[in-house]
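In: Quick one: sequence and predicted model below, then my questions.
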Amino acid sequence: MKTIFLFIPHYVFSSDLLHTDFIKGLSKSYQVIIFSPIFKSNPPENYYQSPNLKYIIWSEEYPKFWLFFTKTLRLALIREFDQLKYFQLRRLMKINLNWQRKLLRTISWFIPRKLLTVDFFTKLEYWLLPASKKFRAYAQKYHPHLIITCTPGFNSIDAEAIIQAKKLKLPTASINSSWDNYTANAVQFRKTDYLVSWNKVMKKEAIEIHHYPENHLFVSGVYRFDHHFQHMNSTPSPNDSGNANAPTRIKQRLTREEFLKNKGLDPQLKTLFLTTVPPNTYPPQYEVWRQIIKMREEKKLREDVNIFIRLHPNDLTEKYTEFQGLKNLHIELAGKKLETTGSSPHKIEMDESDLDNLRYSLKYTDININFRSSLSLEATIYDQPMINIALYDYANRYDVDWYIPIIKSGGVKLVVTAEELKQAINDYLTNPKLDSEGRKKIFADYVIFNDGQSYQRGIAAINSIISQLTP
């Protein structure tokens, strides 16, 4: 049986890969050695067990090295992606420009742009990063056929694994980058030999922006979306609710009334689903939530509504104290809160019950309101109306490469004033099918698959990669 090394940097990826069918399917064909810092606070016993799986506590060995290269050198000096809207916005808004980055950015204008590339910095990291005795020892012990990272080096765990693998001439593949990563995180690329992407939009970006050969690219769909379709496509027996052996997703089916009552919400009312972002991403969001609550209390909406607030894993719970106790308003975390590990700020992990909870949240609420969120993709699974908020002069934050097509699709309403927000809510309350054709386009371009088998396509891509590598 061939061996794979899988590196999991933080809880976002453990939610996607270790709490879905992906790891179960992968371990049927391979011995999988999983390296992650999350096992320090969440023991391996809490994850799927198989004789073919081994969980190892792992942290980056040189965090300061990666902090310097990623946050200082790469961000300031690489001009390879100056044509991308996101980096133009960063320069316009002077985002994260401390004195060091300002100085280096100025210096970069005196160096030919074609020299300051991600490939150049990856080679520099390759030569300057000390070889890891630990990594080599595990490689000599298990003889991996492929090193898998979640991203092509967007965090220090992945970056270090990729470079150390290159030092040992071990092939690499990245399998779970998010839809905005190839543009927003372009300067952080440490190119893996192969990429598995969510959709053809990302595949096209990998070819045109990052110059990957097409035969090294695969499209899997989104692993974290599989649970939606697996539930939709299942056909439970009437006796499954009392059957201890029935699949979990079938046993836990809830009606809309049951779900909303469990949240302390009124099933007789429609529900606004407010999904938050980290505070530094959109600082005015708390004022926007206040305004929505005020609209409801002052009866400026066409009908009374529930308000359901789902906190981003990196949002601040204390910001919501003022909303506690309000009638027909529910606030909850996205998943289980755990201890942070290493340099990652992520502290929320979603297990199968949390994935089910999100599924019901999208299925049984009526309007999704968010700031430039990937939930704008997920909500299209249920044709849920979406409002993107840009109040307080944040409309230009939507002028970024990955989100421009979402706005152009006509599937979302972008609102820049409180009056526009109120009108959009009222329009969707009156006609939830408004803009449905645009939402279908978003689904077709970004979600693509509705069979619940994205994890199988991911595993098939790994099979194909290893077949290419095996003489």
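Out: The structure has been received and is ready for your questions. Predicted model, so just to flag it, every value in this text is computed and none were measured.

In: Run through who's touching the longest helix along the chain.
Out: In the chain, taking DSSP state H as the definition, the longest helix is helix 454-469. Helix 454-469 is contacted by residues 2, 4, 20-22, 25-26, 29-30, 145-146, 148, 171, 173, 175-176, 193-194, 196, 218-223, 225-226, 449 when judged by C-beta atoms under 8 Å, 6 or more residues apart in numbering. C-beta: built from backbone N, CA, C; applies to glycine.

In: can we see that at 7 Å?
Out: Residues outside helix 454-469 that contact it (C-beta atoms under 7 Å, 6 or more residues apart in numbering) are 2, 20-22, 25-26, 145-146, 171, 173, 175, 194, 196, 218, 220-223, 225-226.

In: next one: stretch 162-181
Out: Against stretch 162-181 from outside (C-beta under 7 Å, 6+ apart): 13, 16-17, 125-126, 129, 131-132, 135-136, 139, 144, 146-154, 190, 192-198, 202, 223, 374, 377, 402, 446, 458, 462, 465, 469.

In: Give the buried residues for that stretch.
Out: 162-167, 170-181 (16 or more other C-beta atoms under 10 Å).

In: Also stretch 412-421?
Out: Neighbour-count burial for stretch 412-421 [16+ other C-beta under 10 Å]: V412, K413, L414, V415, V416, A418, E420, L421.

In: The first one contacts I404, correct?
Out: No. With contact taken as C-beta atoms under 7 Å, V412 and I404 are classed as non-touching, separated by 11.8 Å.

In: mind checking which helix or strand the residue nearest to the spatial centre of the chain is in?
Out: Centroid check for the chain by C-alpha atoms, centre = their mean gives S178 as the closest residue, at 4.8 Å. Under DSSP states H and E, no helix or strand contains S178.

In: do I387 as well
Out: strand 386-389.

In: Following the chain onward from the helix or strand bottoming out on mean pLDDT in the chain, which element is next?
Out: Lowest by mean pLDDT, DSSP states H and E among the helices and strands of the chain is helix 248-251, with a mean of 46. Using DSSP H and E, the helix or strand that follows helix 248-251 towards the C-terminus is helix 256-262.

In: Run the chain-centre distance for that following helix.
Out: How far helix 256-262 lies from its chain's middle: 27 Å, per C-alpha atoms, centre = their mean, to the nearest Å.

In: now swap in stretch 426-436 and tell me
Out: 27 Å.

In: start to end distance for it?
Out: 16 Å (C-alpha to C-alpha, to the nearest Å).

In: next one: stretch 397-408
Out: 15 Å.

In: what does stretch 374-390 give?
Out: End to end - C-alpha to C-alpha - stretch 374-390 spans 16 Å.

In: Looking at it now, give me its mean pLDDT.
Out: Across stretch 374-390, the average pLDDT comes to 96.

In: now swap in stretch 68-87 and tell me
Out: 92.

In: Any buried residues in it, and which?
Out: Neighbour-count burial for stretch 68-87 [16+ other C-beta under 10 Å]: 69-70, 73-81, 84-87.

In: OK, contacts around the closest residue in space to Q230 that isn't next to it in sequence?
Out: Sequence neighbours aside, G452 is the residue nearest to Q230 in space, at 3.8 Å (criterion: C-beta to C-beta, 6 or more residues apart in numbering). Shown in contact with G452 (C-beta under 7 Å, 6+ apart): D226, F229, Q230, N233.

In: are any of those buried, and which?
Out: Buried among the contacts of G452 by 16+ other C-beta under 10 Å: D226, F229, Q230.

In: So which of those is the closest to P432?
Out: F229 (21.3 Å; C-beta to C-beta).
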